[in-house]
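Undergrad: okay, here's the prediction I keep looking at, along with the sequence it came from:
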Amino acid sequence: MYKKESVETFLKEQSRLYDEPVAESYEEAEEFLEDCMAVEVKTLKEVRRYLDEAGADIEGMTDEELKEASEVFALPSGGYLIVEG
């Protein structure tokens, strides 16, 4: 189960990661996040650790570049949602 803000943020900003919408409603967005095993984390350090462990080439990326990565969605509360496309 994902936080409401994660689902709403993904639904609103999914075009950053996908050329065409993958979800049209809150329910579809939540199901999509579950299917692709999206991850919610609290800090940018956790984002960096997760992507590094997943094998992403993030060496040398600044925090700002990491925040702007298409699979990283900043949440209004300050956390992050990571959706691997």
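TA: Nice, I can see it.

Undergrad: rest of the way, CA atoms for contacts and neighbours
TA: OK.

Undergrad: and V22, that's in a strand?
TA: No - checked against DSSP: H, G, I helix; E, B strand; the rest coil, V22 lies outside a strand; its state is coil.

Undergrad: ok, it touching L33?
TA: No - with contact defined as CA atoms under 8 Å, V22 does not count as touching L33 (10.1 Å).

Undergrad: more crowded one of these two?
TA: Under the criterion of other CA atoms under 10 Å, the comparison of V22 against L33 puts L33 first, with 23 against 14.

Undergrad: helix, strand or coil: sort out the more buried one for me.
TA: Using three-state DSSP, the three-state assignment for L33 comes out as helix.

Undergrad: next up, the contacts around the closest residue to V41 other than its chain neighbours.
TA: Residue nearest to V41 in three dimensions, not counting chain neighbours: Y80, with 5.3 Å by CA to CA, 6 or more residues apart in numbering. Listed by CA atoms under 8 Å, 6 or more residues apart in numbering, the contact set of Y80 reads E40, V41, K42, T43, L44, V47, V72, F73, A74.

Undergrad: next, count neighbours for R49.
TA: 12.

Undergrad: picking up where we left off before, which one among the contacts of Y80 gets closest to E53?
TA: Distance from E53 was checked for each of the contacts of Y80 by CA to CA. The minimum falls on V47, at 9.9 Å.

Undergrad: what's stretch 54-64 in contact with?
TA: L44, R48, L51, D52, L66.

Undergrad: in this protein, which spans are strands?
TA: Secondary structure of the chain by DSSP state E: the strands cover 39-41, 72-74, 80-82.

Undergrad: quick one, which of the ones you listed gets closest to R16.
TA: Proximity of the strands of the chain to R16 was assessed by CA to CA; the nearest stretch is strand 72-74, lying at 9.0 Å.
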